[in-house]
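Engineer: Requesting a structural model of the entry that follows:
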Amino acid sequence: MEKDSILKISGKKIHEKDISEIKKFLENKYEISYGDYSPRELRKAISEHSPFFIQDHFIIGYEDKHFISDKKERIEIGRMVKAVIIEDETEGFSEDEDVNHPDPACDKRDMFIIIGRDGWEGEKNNLLNVQSIFGNLKVGDLFLPPHSVIVNFLPQTDELKKKKIVSMLSGDNINIYSQENFIDNIMHEIGHVFWRDCLKPDEQARFKEYFKFLRVSGIFEYEWERSAPEEFFCTVYKWYLKSLLLNKSFRNILEYEEPEGLRMLEEIFDRLRRDKIAAATWALSGKELFDYLNPKLDITTGKRIVKKGTFDSIRDLSIPEQVQAENMERYERGRRMIRFGKAVVPVLNNKIDWQEMEEMRKARMTKYVKKIPKAGGGWRYIYEEDVKKKSKNNIDNLLLFNSAKKNNTPTNNNIEDNFKKAEQYIKNHIDNFENKKEKLLKNLKDIDILINKGNPVIRTDLQSLENILKDKKIKNQWETNTSKAMLNTQARAEWEQTIINGTDNKELKNNKYFDISSEHKPIYGYISKNKKTYIEDRLNNYGDIKIVLRNNIKDRSTFTLGNSSLEQGAFVKNGISKILDSDTDFRKNKIGNNVAMASIIVEEDFDFIEMQIFGGVNIDDIESISFPSNISQKKIKEIKEKYNLNIVLKTEE
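Structural biologist: This next block holds a predicted model:
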C-alpha cells in the first residue's frame, strides 16, 4: 500500500474502534484479511507494505523487534492476536475509479478470461463489452477461481431453446448460447468454477444446509437460480461480482435481500486471504521448519546442528492444506501425520502438535527387541511394549482366483467383542469420549453399510479403457508395468504381502510374493457412494471414466479405509469389526487409524474405501461404464459398436 493511502486511513482514526467494527468498516473499500495471526505472519504483512489494525493500534512498520504504530508507538507482539490486515484498496482500485487495474501493463499475471470460439457473427459490440468488463481480470485475484476460463459464444440450437438453456459450464469452458443477459450468465458460470475449485466440503455443506430454508428474495431473476444449493451460491456470487465489476450499488441490494448468503461468501474470501498469507509465510519459513526437523549432523561432535532461535520462529507456523495433502502419511490419534524429509510429525488445526510429538518421542525411547528390513530401505523397529500388546492377527481376507465359494467365506461371530475393544481404545485415546462414543462406533458400523450399498468402481482413461476392451480383461500393475499412482514394485509387494499374511490362502502365503504369478495379484478399485463427493474429484487422477463392476465382485475382494499403502490392515465385506482385532504396529496404531478414517469417510467424504480384487476382472464382471460429459455420444457409440458391447454405457450428469 502506498504511503499516502496509509496516511489517509490513519487520518480517519478508525483504529480506536472495536476490531470487528474496523473489519466491517474497511471490507467494502479495501481488500482485507481478518483473523488470528502470529507475530511472524504480521511481520510478513508489514514487509509487503500491508499495514494492520489490532485493538487500539494501527501498525505501519517494524524495527528492532518492535512494531511501530502510526503514532510512533513501539509495540511488542509476542503471541497470536486478532488483526485486520489491509492488503490493498479493493482489487487495487481507489474509491472513485472504475474497476480497472491502475496499471495493467505492469501486471504480468495471466488473463483470467480467454475468448474462445465466436459464433455470434456481426455482434462485435458484445465481445467489446466482455473485454471492457472482464478484460483486466487476472489469475490470482482473490474473488476469482485459481485458473483461467475459456468463454465461447455459440449459437443457440432449437434443442437448447426448448430446454431454456442459455449458458453451460463444460470443464473450464463457459459456453454462452443467448445474448440476453449474457454478462450476468458469464458471472454465474464463473461461480460454478469457484464452487468446484475453491470451496471446501464444509463450506459447501453450510450453503446446502442454509438452502433447505431458503426464502424468496429479489436477487433471483430465474426459477433455476434457486433450484439447488450450488445454483443459489452462484447467484450470490454473481451479484457480488456485479458489485465489483459493474456498480458498487449492487452490493447494497445483496446486503438487503440475501445478507446470510453474502456473509457466508465473504467468510470464504476471508479464509482464502488467510490461506494466501499462510502460503506466503510458508514460502519464507517452510525451509526453516524442514531444516529443524531434519538437522544436519556434525561428524566431529556427533551432534545435530540446529540454529539457535529456530524453534521460536517456526513453533506456530501454519502448514498450508496443499502441503499437508501432498505429504500426508496417515491419520493417527485424530491427527494428520505429515512427512517432512525423514521426519513424520502430527499436525492438528494446520499446526504441528509439538506436545503430541514429544509424547510419541518418549514412547519410542524404550529399547527395541527386533528390527526388520523394509522393502523400500531402512528398518522397521519392534519395541518391548509392542510385543506385550501384540495379539494374534485374525484379519479375514477372502482371496479367490475364480469366483467366491460360500464354504470359504469367514464368519464374524466376535463382532460385538471387537467393537468393545474399539470402545476401550477410543475411551483411552480420545478426549470427551462419552460425547463421541456413539457416533464413532456408528461410523465404524456404517462402513459395512457403505460397502454393501456402494458401487465397486475402477477408474481409467479413454486409452486404457480401449486396451481393457480389446484384452477383455483388466490387468494389474504387475502385468502392465504402469501406474497412475506409484510404480514401485518393492513397496507394493510389501503392502500386498501385509494383506495376504492375514489370510488362510496357503497357496499365496507359502510363496515369496515375487514368485506369485502376476495375474493372481490384486486389482485396485474403490467403493463409490453413488453421489458426487470431494473424494470422487480427487480420484480423477486415476482417470475420469468409471468402470462399475457387478456387486458379486465384492465377495472376492478385501477393503481398506483409505490407501492400502498405509498398511492399516484389510477386511472383507461385512467384516469391518475384524480390523479392530488386528495387530498394533508401533508406527501406525491400526485401531486408532481406522477409527479416525471411518469418521473421515462417513462424515466428511474426505477419503475413500479402497478395494483390492483378487481372481482377476474380465469383461463379464463389468456392470456399466460411465463417461464424463467431455466425451461425445458419437465416441461412446463408436466404442460400443467397435467392441460389440452388451454393457450399459452412459454419460455422467
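Engineer: Show me which positions of stretch 634-649 end up buried.
Structural biologist: Within stretch 634-649, the residues scored as buried using 16 or more other C-beta atoms under 10 Å are 639-640, 647. Glycine gets a C-beta too; all of them are placed from N, C-alpha and C.
Engineer: An error on my part: the question was meant for stretch 74-87.
Structural biologist: 77, 81, 83-87.
Engineer: before we move on, what about stretch 143-153?
Structural biologist: Residues of stretch 143-153 classed as buried: 143-145, 149, 151-153 (neighbour count, 16+ other C-beta under 10 Å).
Engineer: Among these, which one lies nearest to P346?
Structural biologist: Closest to P346 out of those is P145 (32.6 Å), distances taken as C-beta to C-beta.
Engineer: what helix or strand is the closest one on?
Structural biologist: P145 is part of no helix or strand, with elements assigned from DSSP states H and E.
Engineer: Surely it and F194 touch.
Structural biologist: Yes - with contact defined as C-beta atoms under 8 Å, P145 reaches F194; the gap is 5.0 Å.
Engineer: quick one: low-confidence ranges for the stretch 51-200 of the chain?
Structural biologist: Where the stretch 51-200 of the chain drops to pLDDT under 70, the residues are 88-107, 122-126.
Engineer: that older thread, next step: the buried residues of stretch 74-87 restricted to helices.
Structural biologist: Applying DSSP state H to the buried residues of stretch 74-87, no entry is found in helices.
Engineer: of those, closest to M264?
Structural biologist: Proximity of these to M264, judged by C-beta to C-beta, is greatest for V84, which lies at 19.5 Å.
Engineer: Tell me the spacing between the spatially closest residue to that closest one that is not a sequence neighbour and I60.
Structural biologist: Spatially, and ignoring its direct neighbours in sequence, V84 is nearest to F53 (4.5 Å; C-beta to C-beta, 6 or more residues apart in numbering). F53 sits 10 Å away from I60, going by C-beta to C-beta, to the nearest Å.
Engineer: Looking at those two, which has the bigger crowd around it?
Structural biologist: Neighbour tally, F53 and I60, criterion other C-beta atoms under 10 Å: the higher count belongs to F53, 25 against 22.
Engineer: The strand or helix carrying that one pairs with which strands?
Structural biologist: Take DSSP H and E as the rule and F53 turns out to sit in strand 52-54. Using DSSP bridges, the strands paired with strand 52-54 are strand 57-63 (antiparallel), strand 81-89 (antiparallel).
Engineer: Longest helix in this structure, please.
Structural biologist: For the chain, the helix with the greatest residue count under DSSP H is helix 259-293.
Engineer: after that one comes which helix or strand?
Structural biologist: Note on helix 259-293: by DSSP H and E, the next helix or strand toward the C-terminus is strand 296-298.
Engineer: Give the partner strands of whichever helix or strand comes after that following strand in its sheet and their orientations.
Structural biologist: Beyond strand 296-298 on the C-terminal side, the first helix or strand identified by DSSP H and E is strand 303-305. Strand 303-305 has its sheet partners listed here by DSSP bridges as strand 296-298 (antiparallel).
Engineer: Contacts for the partner strand next, please.
Structural biologist: Outside of strand 296-298, the residues within contact range by C-beta atoms under 8 Å, 6 or more residues apart in numbering are 303-305.
Engineer: Quickly name whichever of the residues you listed is closest to E121.
Structural biologist: Nearest to E121 among those, with distances taken as C-beta to C-beta, is I305, at 69.8 Å.
Engineer: Break the protein down into its domains, please.
Structural biologist: The chain is divided into the following domains under automatic domain parsing: 3-92, 104-257, 273-365, 414-651.
Engineer: Dump those domains to a markdown table, plus distance to E266.
Structural biologist: Shown next, in a markdown table, are those (distance: least, C-beta to C-beta, whole Å):
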| stretch | distance to E266 |
| --- | --- |
| domain 3-92 | 7 |
| domain 104-257 | 8 |
| domain 273-365 | 10 |
| domain 414-651 | 22 |
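Engineer: By mean pLDDT, show me the worst of those.
Structural biologist: Between the domains of the chain, the one with the least mean pLDDT is domain 414-651; it has a mean of 74.
Engineer: Would you map the helices across the stretch 101-250 of the chain?
Structural biologist: Secondary structure of the stretch 101-250 of the chain by DSSP state H, counting those that start in this stretch: the helices cover 124-134, 158-163, 182-198, 201-211, 229-245, 250-257.
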